[in-house]
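S.K.: Sequence first, predicted coordinates after that:
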Amino acid sequence: MHKKVIHQLSKQVLCLGMVVIVLAPILLTLFAALKTKGDMVSTSPLWLPKWNKITLDNFKKVLNNKYLLIGFKNTGIILIISIFFNIMFGTITAFILERFEFRGKAVIIALFFIGMLIPSFVTEIARFQVIQKLHLYNTLGAPIVIYIASDLMQLYIYRQFISGISVALDEAALLDGCSYFGLFTRIIFPLLAPATATVCIIKAINIINDMYIPYLYMPKNKLRTLTTFLMDYANAQQGSWQTLAAGIIIIMIPTILIYIFFQKYILAGVAAGAVKE
């Protein structure tokens, strides 16, 4: 009994420690966003400023910045187009790989997974040249093409899910005169809704939080995204830690809301198809 209590207590302490590790950076950023420039220097980053010194001016400054709306617009365009093609290509490719047998299938699957294993920075020079040759540099097309082509996570999720769908459904539909296109659009694709929700959420979070690709491929001011918008508050000349913190909090809100409202779909979509009956 004594060992069981200690075991339960240790698990609770471990979980509490993980919560602190996750929440601490967010709380410190929020504390910084509520401080004046003087308080940033004179007070500890671990504590809120005094109640009479809490300010919302940092948030007002960020919200009044004209590039914030530009960042939301560009991020939204990139997000919608990238996710649409990720879903379309991911579902079709996964369906073909799971349901059809053809020469070279094993090689194609191996190449897909090799592509997932190679770090993106290893191929950055070649990728940059491809984007330039396609005349996509300094356009919204550059990150869209990269987000569609470089991340194959959705292929793994869809293949796992389709492998758990009974082949009998395919056979019954084909016997009733359904074409392969009709089989995919009317039966398979609707059943992939949990996996699709998972792909949408994970992709959305990754795209919203990515700073490297937009910063490298879209340096124009009119092409700023939410993350590159924050660069104004991090440079050496105009740097302002408290304003940067306010910008981070504002940009973080959509991501947090997406995760809170759809977190159950992430777990359901990743686990679905993992066990065959």
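M.R.: Received the coordinates, thanks.

S.K.: List the contacts of the host helix or strand of residue 146.
M.R.: Taking DSSP states H and E as the criterion, the element that holds residue 146 is helix 141-150. Applying Cβ atoms under 8 Å, 6 or more residues apart in numbering, the set of residues contacting helix 141-150 from outside is 78, 81-82, 85-86, 89, 120, 127, 131, 134, 136, 203, 207, 210, 213-214, 217-218, 225. Using the backbone N, CA and C atoms, a C-beta is placed for each residue, glycine as well.

S.K.: List the buried residues of that helix.
M.R.: Buried residues in helix 141-150, counting neighbours by 16 or more other Cβ atoms under 10 Å, are found at 141, 142, 143, 144, 145, 146, 147, 148.

S.K.: Tell me how far that helix lies from the chain's centre.
M.R.: 14 Å (Cα atoms, centre = their mean, to the nearest Å).

S.K.: mean confidence score for that helix?
M.R.: Across helix 141-150, the average pLDDT comes to 89.

S.K.: Could you point out the helix or strand that follows that helix?
M.R.: Going C-terminal from helix 141-150, and assigning secondary structure by DSSP H and E, you next hit helix 153-163.

S.K.: counting contacts, what elements does the helix or strand following that following helix pack onto?
M.R.: Next in sequence after helix 153-163, counting helices and strands by DSSP H and E, comes helix 167-175. Contact partners of helix 167-175 among helices and strands, from 3 or more Cβ pairs under 8 Å, 6 or more residues apart in numbering; DSSP states H and E: helix 180-183.

S.K.: Quick check, central residue of the protein?
M.R.: For the chain, residue 206 is the residue whose C-alpha lies nearest the centre (Cα atoms, centre = their mean; 2.1 Å).

S.K.: The closest residue to that residue other than its chain neighbours: neighbouring residues, count only.
M.R.: The shortest distance from residue 206 to any non-neighbouring residue, by Cβ to Cβ, 6 or more residues apart in numbering, is to residue 151 (7.4 Å). By other Cβ atoms under 10 Å, the residues close to residue 151 number 19.

S.K.: So residue 151 versus residue 140, what's the distance?
M.R.: 17 Å (Cβ to Cβ, to the nearest Å).

S.K.: same thing with residue 118?
M.R.: Distance check for residue 118 against residue 140: by Cβ to Cβ, it reads 26 Å.

S.K.: Next: residue 97.
M.R.: With Cβ to Cβ as the criterion, residue 97 and residue 140 are 30 Å apart.

S.K.: Repeat that for residue 69.
M.R.: Distance check for residue 69 against residue 140: by Cβ to Cβ, it reads 16 Å.

S.K.: Looking at these two, which has the bigger crowd around it?
M.R.: Comparing residue 69 with residue 140 by other Cβ under 10 Å, the one with more neighbours is residue 140, at 19 against 11.

S.K.: What are the phi and psi values at the more buried one?
M.R.: With angles defined as degrees, to the nearest 10, residue 140 shows backbone torsions of phi -70, psi -20.

S.K.: which ones are touching it?
M.R.: Applying Cβ under 8 Å, 6+ apart, the residues contacting residue 140 are 74, 77, 78, 218, 223.

S.K.: Among those, which ones are in helices?
M.R.: When helices are assigned by DSSP state H, the members of those inside them are 74, 77, 78.

S.K.: Residue 39: helix or strand, and which one exactly?
M.R.: Secondary structure here is read from DSSP H and E; on that basis residue 39 sits in helix 37-42.

S.K.: and if you look at residue 132?
M.R.: Using DSSP H and E, residue 132 maps to helix 124-133.

S.K.: residues making contact with that helix?
M.R.: Residues from elsewhere that reach helix 124-133, judged by Cβ under 8 Å, 6+ apart: 120, 137, 142, 145, 146, 150, 216, 217.

S.K.: and residue 105, how many neighbours?
M.R.: Applying other Cβ under 10 Å, I find that residue 105 has 12 neighbouring residues.

S.K.: Wait, it touches residue 97, no?
M.R.: Yes. Assessed by Cβ atoms under 8 Å, residue 105 is found in contact with residue 97 at 6.8 Å.

S.K.: And the pLDDT for residue 238?
M.R.: On pLDDT, residue 238 comes in at 55.

S.K.: likewise the one 4 residues further on?
M.R.: With respect to pLDDT, residue 242 scores 85.
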